[in-house]
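Structure of the sequence below:
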Amino acid sequence: MSLPQAEIPFGPDDYLVWEQDQSGRNEYVDGEVFAMSGASDAHGTAAGNLFASLHTHSRGTPCKPFIAGMKVHVEAANAFFYPDILVTCDPRDRAPEASHVKRHPLLIVEVLSPTTEAYDRGNKFAAYRTLASLQEYVLVSLEQRRIEVFRRDATGHWVLYPFALDEALELASVDFRCPVAEVFEGVEGE
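Next up, the predicted model:
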């Protein structure tokens, strides 16, 4: 997350109208707007690899993955975020009024960068945890070439499932498996 833009005193509905006319993506958190910076080649490659696999996997199901440009509304945090990847299977997210904002993701993926890692692990994850629909939160570490899956268990607690480069990634929420190495295929540096 980058520094907040100049103070723009408006609420979530005003943000949605304002943001449609912006050239870049901007996240909204409780009245503050944050411009999103561009992604590195490594970031885009890893996100693209995982999205492509999830897209192929979800064909013929009610689930639909989105990459980078789709907003998620987290009402309890009064926030709108742009996750790197989200998957929703909820029919309410297919309604015409949900064409630019999803509210019921089952799975959210963030590819970590040095400038966003602390926020993605901390305040952003805290906000995402308030989404009743969310079953898994995935953090992709380019630097360490590993993937961490935080999965909500039957008691509502979040349990960490780490996956190393030589293992198979498992996303229970969408019954998906792929080699972790495929996510990092073509990723050079960071």
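
center of this structure, which residue is that?
Pro83 (2.8 Å; C-alpha atoms, centre = their mean).

does the nearest residue to that residue once chain neighbours are set aside have beta-bridge partners, and which?
Leaving aside its chain neighbours, Pro83 sits nearest to Ile108 (4.6 Å; criterion: C-beta to C-beta, 6 or more residues apart in numbering). C-beta: built from backbone N, CA, C; applies to glycine. The partner list for Ile108 in beta bridges (DSSP bridges) reads Leu86, Tyr137.

Next, count neighbours for Ile108.
Other residues within reach of Ile108, judged by other C-beta atoms under 10 Å, total 26.

Contact partners for it?
Val72, Pro83, Ile85, Leu86, Tyr128, Leu134, Glu136, Tyr137, Val138 (C-beta atoms under 8 Å, 6 or more residues apart in numbering).

returning to that earlier point: so the residue nearest to the centre of the chain sits against Val72, correct?
Yes: under the criterion of C-beta atoms under 8 Å, Pro83 makes contact with Val72 at 5.9 Å.

Now do the shared contacts for the two.
Shared contacts of Pro83 and Val72, defined by C-beta under 8 Å, 6+ apart, are found at Pro105, Ile108.

Could you list the low-pLDDT ranges of this structure?
1-9, 189-190 (pLDDT under 70).
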